[in-house]
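Asks: Got a predicted structure here, sequence first:
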Amino acid sequence: MKKKISIRGILLLVVIVLLTLGLTGCPDINDMTGTLIIDIDDSYTYRVYIDDVLMGTTNWNGNITLYNVPLGYHNIHVQSTAFPYYCIGDTDTIIDCGENYVLITVFCII
């Protein structure tokens, strides 16, 4: 009888641990966002769009960090900010909890 109880106890403990690990992907269940760190392979400033919504402008090194980006699939589009260079690039990515890194290659028309 004691052996059955210990096996049931172990199985219950395993189920609880697996459920706990599976449900704690994000620190706060109400905060379903991630941080997106974008690096562009060009040293210039770019406007950054996520799903066609302007989110900000990179620094002169082509970097930007965006906070509170909703989790899930997104299109990221970048466009240079000044004439005479017209540079664009885009990529698709999935945002998860925590930090997400994206490197975008741009193509320029001079």
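Replies: Nice, thanks for sending it over. Numbering: from 1, shown residues only.
Asks: which residue ranges form the helices in the chain?
Replies: 2-23 (DSSP state H).
Asks: Quick one: residues contacting residue 35.
Replies: 65-69, 98-100 (Cβ atoms under 8 Å, 6 or more residues apart in numbering). C-beta: built from backbone N, CA, C; applies to glycine.
Asks: Skipping adjacent residues, who's closest to residue 47 in space?
Replies: Excluding its sequence neighbours, the residue lying closest to residue 47 (Cβ to Cβ, 6 or more residues apart in numbering) is residue 79, at 5.1 Å.
Asks: The one you found touches residue 87, doesn't it?
Replies: Yes - Residue 79 lies in contact with residue 87 (Cβ atoms under 8 Å); the separation is 7.3 Å.
Asks: what do those two both touch?
Replies: Residues touching both residue 79 and residue 87 (Cβ under 8 Å, 6+ apart): residue 46.
Asks: Looking at the two, which one has more neighbours?
Replies: The neighbour count for residue 79 versus residue 87, taken as other Cβ atoms under 10 Å, is higher for residue 87 (18 against 15).
Asks: got any ranges where the chain has weak pLDDT?
Replies: Within the chain, the stretches with pLDDT under 70 are 1-30.
Asks: now with 50?
Replies: In the predicted model of the chain, residues 1-2, 21 satisfy pLDDT under 50.
Asks: returning to what we had before: and the contacts of residue 35, which is closest to residue 47?
Replies: Nearest to residue 47 among these: residue 66, at 12.5 Å, using Cβ to Cβ.
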